[in-house]
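Participant: Here is a sequence together with a model predicted from it:
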Amino acid sequence: MSLDPALRSRIESLLQSNRVVLFMKGQPTMPQCGFSAKAVGALSALGVDYAHVNVLADQEIREGIKVYGDWPTIPQLYIDGELVGGSDIIEQMTNSGELATVLGLAAPDRTPPAITITPAAAEMLQNAVADAGPGAALALSINAQFQPNFQLAQFDANAIATESNGVRVQFDIASARRADGITIDWVDDIRGKGLAIDNPNAPKPVQALSPMDADAKIRASEVLLVDVRPADERSLASVKLPFKTFDGAGRSELEALPKDTALAFLCHHGGRSQQAAEEFRALGFNNVYNVTGGIHAWADDVDGTVGKY
């Protein structure tokens, strides 16, 4: 299949303008497939700056990049205009240190995490590995949202691994750092029956903040308010206090703030702001609030002069 010259030119322009380009499904803050999420996680673990192209938003690029590099799947990583590969190759190169070498970065930290596996959990995990047969190993991945995922994998003598109570666990590089200090337990109570992981590294959940409490915290400079609504909605009703927006480079500037910055997100009724708050929590922000009821509740509870729509 030949590639349209205009489309080839578009792709080459992207590759020439950026040393590292990831063609993926979705955005780095919200990947739309597991493979893209793995690729983002690997690059994030190295702390590398990269451009991304959301192929779901550009059907021409989605099909054209497969032809351009003769690679049938998404995601695809390019470095210096050359195709590196998909998510499995990216992950393998990250874990081996090869990708850091290619990018001229310092070798990633491969220190095994310190973990605690309770006796009850150890028994269950040992049985699972034994049932899987010879050559099986337990692998634990923890994604950028700090959601854990246990899998049975092939034993890899070169993997980052640690042992507790006789159970050996393998990790990829990013997961190893996120797992340091975790406790793995087996529970059988009102939460249900299964493995439970206490991870001290996970950001606190998004906290609900009433309009009245938000008003007090903003006035005391204890929290930064972010109105996630577009300008046309804000023109209909806005709080009479300083706030940030996602307009222009606003979102990028917010993402660059220190991760301990207290952020309170506001929208019309609280739905979009909750989503935005979860996205910033996934980026590592650990003091994130959602203003419950949005600007509508603000008009009812704080300032009656604020319009409703």
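Facilitator: Ah, there it is.
Participant: phi, psi of the residue nearest the centre of the chain?
Facilitator: Nearest to the centroid of the C-alpha atoms of the chain, with distances taken as C-alpha atoms, centre = their mean, sits Ala144, at 3.7 Å. Note on Ala144: backbone dihedrals following degrees, to the nearest 10 are phi -60, psi -20.
Participant: Tell me the helices and strands packed up against the one helix or strand Leu195 maps to.
Facilitator: For Leu195, the element it lies in under DSSP states H and E is strand 192-198. Judged by 3 or more C-beta pairs under 8 Å, 6 or more residues apart in numbering; DSSP states H and E, the packing partners of strand 192-198 are helix 119-132, strand 183-189. The C-beta positions use only the backbone N, C-alpha and C, and glycine is treated the same way.
Participant: SS state for the closest residue to Val206 other than its chain neighbours?
Facilitator: Counting by C-beta to C-beta, 6 or more residues apart in numbering, Ala277 is the residue found nearest to Val206 once chain neighbours are left out, at 4.4 Å. Classification of Ala277 using DSSP: H, G, I helix; E, B strand; the rest coil returns helix.
Participant: Report the contact partners of Ala277.
Facilitator: 206, 263, 265, 288-290 (C-beta atoms under 8 Å, 6 or more residues apart in numbering).
Participant: go on, Ile182?
Facilitator: Applying C-beta under 8 Å, 6+ apart, the residues near Ile182 are 113, 115-116, 197-201.
Participant: Can I get the buried part of those residues as one PyMOL selection?
Facilitator: Burial among the contacts of Ile182 is assessed by 16 or more other C-beta atoms under 10 Å; the matching PyMOL selection reads:
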select buried, resi 113+115+197+199
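Participant: Pick the one among the contacts of Ile182 closest to Lys244.
Facilitator: Among the contacts of Ile182, Asn201 lies closest to Lys244 (C-beta to C-beta), at 27.0 Å.
Participant: Just confirm Glu202 contacts Ala144, I think it does.
Facilitator: Careful, residue 202 is Ala; it's not Glu. No: in this structure Ala202 lies outside contact range of Ala144 using C-beta atoms under 8 Å: 10.8 Å.
Participant: model confidence over stretch 79-94, on average?
Facilitator: For stretch 79-94, mean pLDDT rounds to 92.
Participant: coming back round to it: which of the helices and strands packed on strand 192-198 has the lowest average pLDDT?
Facilitator: strand 183-189 (a mean of 91).
Participant: Output the contacting helices and strands for it.
Facilitator: So strand 183-189, by 3+ C-beta pairs under 8 Å, 6+ apart, packs with strand 116-117, helix 119-132, strand 192-198.
Participant: out of the ones you listed, deepest packed?
Facilitator: Of all the helices and strands packed on strand 183-189, strand 116-117 carries the top mean neighbour count, a mean of 19, counting by mean count of other C-beta atoms under 10 Å.
Participant: mean confidence score for it?
Facilitator: 98.
Participant: Over to stretch 219-230?
Facilitator: Stretch 219-230 comes out at a mean pLDDT of 97.
Participant: And that stretch, end to end?
Facilitator: Its first and final residues considered, stretch 219-230 spans 23 Å by C-alpha to C-alpha, to the nearest Å.
Participant: any chance you could map the helices in the stretch 151-300 of the chain?
Facilitator: 173-179, 211-219, 231-234, 250-255, 271-282, 294-301 (DSSP state H, counting those that start in this stretch).
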